[in-house]
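> model this:
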Amino acid sequence: MIGRLNHVALVVPDLARAAARYRDALGAEVGPPVELPEHGVRVVFVTLPNTKVELLEPLGEGSPVAGFLEKNPSGGMHHVCYEVEDLGAARDRLVAAGARVLGSGEPRIGAHGKPVLFLHPKDFDGTLVELEQV
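Below is the predicted model:
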């Protein structure tokens, strides 16, 4: 059902500093910051030969990642994103197997302009999982 690893998301306390570290110290290709008010985050994608790293910072105090930074002030891994061919079918199969979809259960448009869903971390060994329609 799941396809390739699309990205690993890291919450960071300072997006500009983290982006510079990936660009300058690691020599990675770093995209421009993008604000996603509907998700409460500002993101930068670091492109690697086989996947991406998504750097996230809260966009305002109501951001869903603000609490993550309160618990982890230096930041850390937030979620992994896997591609799926049919997001609706993947959701239905997972729900039938007992997995919990976060939010309303309906896909929302993610940072790549494609529909996404998030799965409860308690159902996936403590890891928040994002599924993205390819």
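> list the contacts for residue 69?
By C-beta atoms under 8 Å, 6 or more residues apart in numbering, the contact set of residue 69 is 11, 13, 58, 75. The way it works is simple: take the backbone N, C-alpha and C, and place the C-beta from them, glycine included.
> report the buried members of those.
11, 58, 75 (16 or more other C-beta atoms under 10 Å).
> now, among these, which is nearest to residue 3?
residue 11 (24.3 Å; C-beta to C-beta).
> list the contacts for that closest one?
So residue 11 contacts 56, 57, 65, 68, 69, 72, 75, 76, 78 (C-beta under 8 Å, 6+ apart).
> where does this structure have low pLDDT?
Applying pLDDT under 70 to the chain flags no residue at all.
> and for it, the residue most distant from the center?
residue 96 (23.7 Å; C-alpha atoms, centre = their mean).
> strands - which of the contacts of residue 69 land there?
11, 58 (DSSP state E).
> now for the contacts of residue 69, which pair is the farthest apart?
Within the contacts of residue 69, 58 and 75 form the most distant pair, 10.9 Å apart (C-beta to C-beta).
> can you mark which positions in the biggest helix by length in the chain are buried?
Ranked by residue count and defined by DSSP state H, the top helix of the chain is helix 87-96. For helix 87-96, a neighbour-count test (16+ other C-beta under 10 Å) marks 87, 90, 91, 94 as buried.
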